[in-house]
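Chemist: this one's sequence-less:
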């Protein structure tokens, strides 16, 4: 009789427990959430309570398993990158991202820094990584010579004085192209055109232009500026031209 009463009591207890179990998603323990592959956290069946409830490569955030972020702080990212929404991205995308400088090629750089002229403001150019005021453009006109001479004339001296200042301030490299008129042999005029280019280079060097900034070449009479067989054409063709490079 006693055994019957005990068995009956146990059965009634089981029935009562089953009857009192909370309905999903509420819970008292993990077993009540297993059917949904979830765990019980603070009386609710949820996807996860800790990272251990998630598969490899995922972490628990706000009771949901999400892919493990690439980073959580900027210190987790390579130099020159920042942590944004769990991923390492460029340090900046606009100047506003760099309070004390400017955004340059995805990196915060000091104001005035540059990689190319396009990184500088109007009226500036990029030199050695820094934006500086543009130098005035150099405009070169040919200098001319007397017949069969390679000596710099007084008029050519006035031109070269101005050219030297502009070449130096603009850090230009210039090729000096010597020419001759059509009179004389091809070989002689080639030598004469080379002497004219060389005398021009020496004059500019005497004014302080570096030798490395100047190249010379002679073309003889093969590249006339003016077609013709008279003194006006010959005078125009006895010249040195300046080509920036």
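Modeler: Okay, I see it. Note that this is a predicted model, so its numbers are computed, not measured.

Chemist: show me the contacts for the spatially most central residue of the chain.
Modeler: The centre of the chain sits closest to residue 105, judged by Cα atoms, centre = their mean, with a distance of 4.4 Å. Residues in contact with residue 105 (Cβ atoms under 8 Å, 6 or more residues apart in numbering) are residue 115. Yep, even glycine has a C-beta here, placed from its N, CA and C like the rest.

Chemist: quick one: least confident helix or strand in this protein?
Modeler: Every helix and strand in the chain was compared by mean pLDDT, DSSP states H and E; the lowest is helix 2-20, with a mean of 55.

Chemist: what's the following helix or strand after that one?
Modeler: strand 39-41 (DSSP states H and E).

Chemist: relative to that next one, what are the paired strands and their orientations?
Modeler: Under the criterion DSSP bridges, strand 39-41 sits next to strand 44-46 (antiparallel) in its sheet.

Chemist: what average pLDDT does the strand it pairs with get?
Modeler: Over the span of strand 44-46, the pLDDT mean works out to 96.

Chemist: for stretch 206-219, same thing?
Modeler: Rounded mean pLDDT across stretch 206-219 is 97.

Chemist: and stretch 161-172, by the same measure?
Modeler: pLDDT averaged over stretch 161-172 gives 90.

Chemist: ok, now stretch 101-112?
Modeler: 87.

Chemist: ditto for stretch 180-196
Modeler: Average pLDDT, stretch 180-196: 97.

Chemist: ok, stretch 231-238 next?
Modeler: For stretch 231-238, mean pLDDT rounds to 97.

Chemist: contact partners of that stretch?
Modeler: Here stretch 231-238 makes contact (Cβ under 8 Å, 6+ apart) with 144-147, 179-183, 196, 221, 224-228.

Chemist: same check on stretch 44-63?
Modeler: Against stretch 44-63 from outside (Cβ under 8 Å, 6+ apart): 24-27, 32-33, 36, 38-41, 64-69.

Chemist: run through the strands of this protein in chain order.
Modeler: Assigned by DSSP state E, the strands in the chain fall at 39-41, 44-46, 58-61, 64-67, 81-84, 87-90, 102-104, 107-109, 124-127, 130-133, 143-144, 174-178, 214-218, 239-244.

Chemist: now those in CSV, with distance to residue 156 and mean neighbour count?
Modeler: CSV is the format used below for the strands of the chain (distance: least, Cβ to Cβ, whole Å; neighbours: other Cβ atoms under 10 Å):
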stretch, distance to residue 156, mean neighbour count
strand 39-41, 92, 20
strand 44-46, 90, 19
strand 58-61, 79, 16
strand 64-67, 75, 13
strand 81-84, 58, 16
strand 87-90, 55, 15
strand 102-104, 45, 18
strand 107-109, 46, 18
strand 124-127, 30, 16
strand 130-133, 30, 14
strand 143-144, 4, 21
strand 174-178, 12, 22
strand 214-218, 15, 18
strand 239-244, 8, 19
